[in-house]
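Chemist: have a look at this prediction, sequence included:
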Amino acid sequence: MQRLGCLVVGCWLAWQAAGAELAFDFGPGWVGRTPEGFRSVLAGQGAPGNWQIVWDEVPSQLPPLSDKAPVVSRRPVLAQLSEDDTDERFPMLVYEPVVFGDFVFTTRFKLVRGRREQMAGLVFRWQDERNFYVVRASGLGNTFRFYKVVDGLRSQPIGPQVEVPAGVWHELGVECRGHQIVCRLNGRELIPPLTDTSFTRGRLGFWTKSDAVSYFAEARVVYTPLEPPAQKLVEELLQRYPRVRDLRVYVPRGESARLELVAARDRGAVGQPGGPTEERVLSEGRPYYVPGKEVATVVAPLRDRNGDPIAVVRISLESFRGQTGQTALARAQPILHQLQSRVNHRSDLVE
């Protein structure tokens with residue numbers, strides 16, 4: 001496995017033919033801070049959430065091996081600590097690096113305290129603060145509910161009355177396959193399977209309401225990776241221009257905005273970092289020519305609708321005697337034009 005900050009990337013063979021797994025590692029290094037890759041957002045009114053990693057006692061989900069084995073262990077968990085009791089206040093912590101289509105998202109949660117509300121939930125297929133799905137459990141209301149928000153308008157909640165005691169750990173899960181949504185509380189499908197076409201993909205994260213202080217632990221997502229639009233563009237252009245040796249697209253990723261390969265002839269190369277030339281092209285916003293005996297390479301920026309560089313494309317062409325930077329750029333222009341005509345925003349490449 002490869003560890004990336006708060007992310008462990010592996011494979012999950014039991015869910016569809018091939019998939020991936022993200023296990024959010026709320027490790028000791030993040031205590032007192034928001035984990036990397038997450039962003040605090042707020043729907044409604046009031047103060048933003050205060051999302052931090054804290055220590056708590058968490059019982060094991062596995063039976064003890066002996067009578068002397070510890071029943072609980074002290075470990076870092078994710079906590080929403082703000083107690084602003086504004087009624088229509090919905091703090092969320094959204095994981096930004098990945099957009100999900102079909103997935104199973106599970107977490108353990110504990111309702112800690114709250115005078116107005118004691119709630120914990122999952123937000124999924126999140127588009128922005130005005131468009132998303134939620135499944136949540138309420139300790140004061142004793143309810144398990146699903147609802148959606150479209151253009152800022154909340155639908156009628158769906159779900160049963162059920163006891164959700166505070167101070168103990170529960171399991172919450174949601175599964176999306178196409179337009180079908182299945183919600184689970186402590187392993188039970190308490191809400192009949194739902195069908196909704198409002199959102200087919202989006203980000204996911206954690207949700208609370210009002211002054212609810214809630215903890216989350218052992219959160220993971222099993223999902224079918226979405227193919228980035230950039231890969232489809234690259235394969236289409238390689239077929240149209242057979243003399244192109246390679247075509248690569250790099251996009252800034254993460255908080256450091258480091259360039260990362262998101263599309264190439266060789267799919268196995270996806271994920272590699274961009275080199276100094278790609279970084280220079282992005283920062284300067286102008287193309288570079290890289291000569292070679294057999295391959296002539298043009299590295300050029302891709303721009304958004306405002307003209308700002310948002311990505312870098314590397315075009316490797318068959319070289320010939322007398323090849324110059326000017327002729328190489330002229331040969332690359334039709335490909336650059338095709339790419340640029342299809343790209344107005346970063347989401348045209350990676351979402």
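Modeler: Thanks, I have it.
Chemist: now do the helices in this structure.
Modeler: 229-240, 276-284, 325-342, 347-350 (DSSP state H).
Chemist: out of these, deepest packed?
Modeler: Ranked by mean neighbour count under mean count of other CB atoms under 10 Å, those are led by helix 347-350, which reaches a mean of 19. (Each C-beta comes from the backbone N, C-alpha and C, glycine too.)
Chemist: now for it, which elements pack on it?
Modeler: In this structure, helix 347-350 makes packing contacts with helix 229-240, strand 244-253, strand 258-263, judged by 3 or more CB pairs under 8 Å, 6 or more residues apart in numbering; DSSP states H and E.
Chemist: what's the closest of those to residue 280?
Modeler: For the helices and strands packed on helix 347-350, distance to residue 280 was read as CB to CB. The smallest value, 10.5 Å, belongs to strand 258-263.
Chemist: pull the residues that contact the closest one.
Modeler: Contacts with strand 258-263, where a contact means CB atoms under 8 Å, 6 or more residues apart in numbering, come from 228, 230-231, 233-234, 247-253, 269-274, 278-279, 282, 312, 349-350.
Chemist: quickly list the domain ranges of this protein.
Modeler: Structurally, the chain divides into domains by automatic domain parsing as follows: 2-223, 229-350.
Chemist: quick one: mean pLDDT over the longest one.
Modeler: Model confidence over domain 2-223 averages 90 on the pLDDT scale.
Chemist: next one: it to chain centre, how far?
Modeler: Using CA atoms, centre = their mean, to the nearest Å, the distance from the centre of domain 2-223 to the centre of the chain it belongs to is 14 Å.
Chemist: got it, and the last one?
Modeler: Taking CA atoms, centre = their mean, one finds domain 229-350 lying 24 Å from the centre of the chain it belongs to.
Chemist: what's the span of that domain from first residue to last?
Modeler: Domain 229-350 has its terminal residues 6 Å apart, counting by CA to CA, to the nearest Å.
Chemist: pLDDT of that domain, averaged?
Modeler: Mean per-residue pLDDT for domain 229-350: 92.
Chemist: so what's the residue most central in space within the chain up against?
Modeler: Nearest to the geometric centre of the chain sits residue 98, at 2.6 Å (CA atoms, centre = their mean). Residue 98 makes contact with 22, 203, 223 under the criterion CB under 8 Å, 6+ apart.
Chemist: same question, residue 75
Modeler: Contact partners of residue 75, counting by CB under 8 Å, 6+ apart, are 55-56, 58, 217.
Chemist: what bridges to it?
Modeler: The residues paired with residue 75 through beta bridges, assigned by DSSP bridges, are residue 56.
Chemist: so how far is residue 208 from it?
Modeler: From residue 75 over to residue 208 the distance is 20 Å, taken as CB to CB, to the nearest Å.
Chemist: kindly report the same for residue 21.
Modeler: When CB to CB is applied, the distance between residue 21 and residue 208 equals 25 Å.
Chemist: ok, residue 276 next?
Modeler: Plainly put, residue 276 is 44 Å away from residue 208 if you go by CB to CB.
Chemist: for residue 146, find the nearest of the helices of the chain.
Modeler: Ranking the helices of the chain by their distance to residue 146 (criterion: CB to CB) puts helix 347-350 first, at 26.6 Å.
Chemist: for that closest one, which outside residues touch it?
Modeler: 99, 228-230, 233, 249, 251, 262-263, 302, 310-311, 342-343.
Chemist: now do 6 Å
Modeler: If you take CB atoms under 6 Å, 6 or more residues apart in numbering as the criterion, helix 347-350 is touched by 228-230, 251, 262, 311.
Chemist: redo those residues as JSON lines? Include distance to residue 143.
Modeler: Below are the contacts of helix 347-350 laid out as JSON lines (distance: CB to CB, whole Å):
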{"residue": "228", "distance to residue 143": "39"}
{"residue": "229", "distance to residue 143": "39"}
{"residue": "230", "distance to residue 143": "43"}
{"residue": "251", "distance to residue 143": "42"}
{"residue": "262", "distance to residue 143": "42"}
{"residue": "311", "distance to residue 143": "45"}
